[in-house]
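> coordinates for the following, if possible.
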Amino acid sequence: MRVLIVRIGAMGDVLHAMPAVAALRAAHPDWFIGWAIEPRWSDLLQITGDPEDLSQGLMSAAAGMVGRGLPARGLVDRWYRADARKWKKSPMAAATWSDIRALGKVLRADRFDVCVDMQGSLKSAVVGKMAKTPVFVGADAPREKVARRLYGQRVEVASRHVVEQGCELLGAAVGEVLRPVRVPLPMDTEAEHWADEVVGRERFCLISASGGWGAKVWPAERFGKVAAWLGVAGVRTVVNASPGGSEDADAAVAASEGYARAMPCSLRQLIALMRRAAVVVAGDTGPLHLAAALGRPVVAVFGPTDPARNGPYGTRAVVVRNAGSVTSYKRHREVEEGMLRIEVGEVVAAAMEMLG
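Below you'll find the model as predicted:
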């Protein structure tokens, strides 16, 4: 069987899809699995290191994950460049259409038997359709309703959490029952050495002060105040930032009274840094779900998104959410009112609980 996964981005969503794909790989090590993804997230799929070590990592899976080893060939056999972010910036450019045609050509050349759209957007459905597989499967209620029209087979999912929904969807596509499997994330030697140099043996909190859209982003200054309180308790804070820097990270550091520092890093460096964090504090964003995938203790600051559906999965976690928050996935720019009612002390108390 040759199976194509379409989950283009973003980081958290890719991480949520990986346990289902890991379950499929563990059940069928001989199947060819491809994944269409934005290049900037492809590092998540590049599993490196000793196969025996990777299997042992799976055997220590946290609650909610099945501990089964992956074969040495890794999570996927091949990933395919679906550079949707670049296409969106220049939708009418000749280079954009050239890229799209090239992607369709290579997907068709690899002759997949089944394609599963695990994103549920129009762009992901179009990418899946280009593969021209005999079976094209998507959710009966996708994120964007228009995507539903492109699927040849639609699956109703009953699970609450998106990780388990992914298992339902992929399992139905191949006619099997799948349970989430923890997948080891890449261990890059250079990134690991870098992390050793920047944090050493220091016990630290890692804060991610940014988010996917404004409504679900707790103010960066409050993250900085959390860092200040933790600093008084003897725990320093590292605030992750993109390689080019981050205004949110800078604002958090400025409010930390000298107890936090910004740490611009690549995706592989962020993975290495998180492996060493005593606790990770973040909103509903990619770094939070990266920490959960690595089995780190997390404090999740939630607002309009539902933690039962999108919360940290498979790790020790405390979710801080105000009772007044109203669940909505509309991408408003302004911070949701319920999030603004979350006090710094609540998040500090949750972090101290995770720190023991």
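> going forward, measure contacts between C-alpha atoms and count neighbours the same way
Noted.
> state the mean pLDDT of stretch 43-52.
For stretch 43-52, mean pLDDT is 60.
> so where's the stretch 251-356 of the chain uncertain?
Along the stretch 251-356 of the chain, the model assigns pLDDT under 70 to no residue.
> now V320: closest residue in space that isn't a chain neighbour?
V301 (4.9 Å; CA to CA, 6 or more residues apart in numbering).
> how close does A20 get to L169?
9 Å (CA to CA, to the nearest Å).
> next one: L206
Applying CA to CA to L206 and L169 gives a distance of 33 Å.
> now swap in V199 and tell me
40 Å.
> more neighbours, those two?
Relative neighbour count places L169 above the other of V199 and L169, with 27 against 14, counting by other CA atoms under 10 Å.
> ok, the more buried one touching S159?
No. Look at L169 against S159 with CA atoms under 8 Å: they stay out of range, at 10.1 Å.
> overlap in contacts of the two?
Taking CA atoms under 8 Å, 6 or more residues apart in numbering as the contact rule, L169 and S159 touch no residue in common.
> that older thread, what's around the residue nearest to V320, how many residues?
With other CA under 10 Å as criterion, V301 counts 25.
> beta partners for it?
Beta-bridge partners of V301, counted by DSSP bridges, are G283, V320.
> how about the contacts made by it?
W218, V281, A282, G283, D284, V319, V320, R321, V347.
> give me every residue that touches L24.
L24 touches G171, L178, counting by CA under 8 Å, 6+ apart.
> looks to me like it is in a helix.
Yes. L24 forms part of a helix when assessed by DSSP: H, G, I helix; E, B strand; the rest coil.
> so how far is L178 from it?
7 Å.
> what do the two both touch?
G171.
> quick one: the strands in this protein?
Taking DSSP state E to define them, one finds strands in the chain at 2-6, 32-37, 78-81, 114-117, 135-139, 153-155, 204-208, 236-241, 260-264, 279-283, 298-302, 317-321.
> got the angle between the last one and strand 279-283?
Here strand 317-321 points in a direction 30 degrees away from that of strand 279-283 (axes from the mean of the first three to the mean of the last three CA atoms, to 10 degrees).
> what's the answer for the fifth one, then?
Following the same axes, to 10 degrees, one obtains 90 degrees for the angle between strand 135-139 and strand 279-283.
> now I37: how far from V127?
10 Å.
> quick one: contacts for the nearest residue to E221 once chain neighbours are set aside?
Spatial nearest neighbour of E221, chain neighbours left out: A252 (4.9 Å); criterion: CA to CA, 6+ apart. Residues in contact with A252, defined by CA under 8 Å, 6+ apart, are A209, A220, E221, R222, F223, G224, K225, V239, A260.
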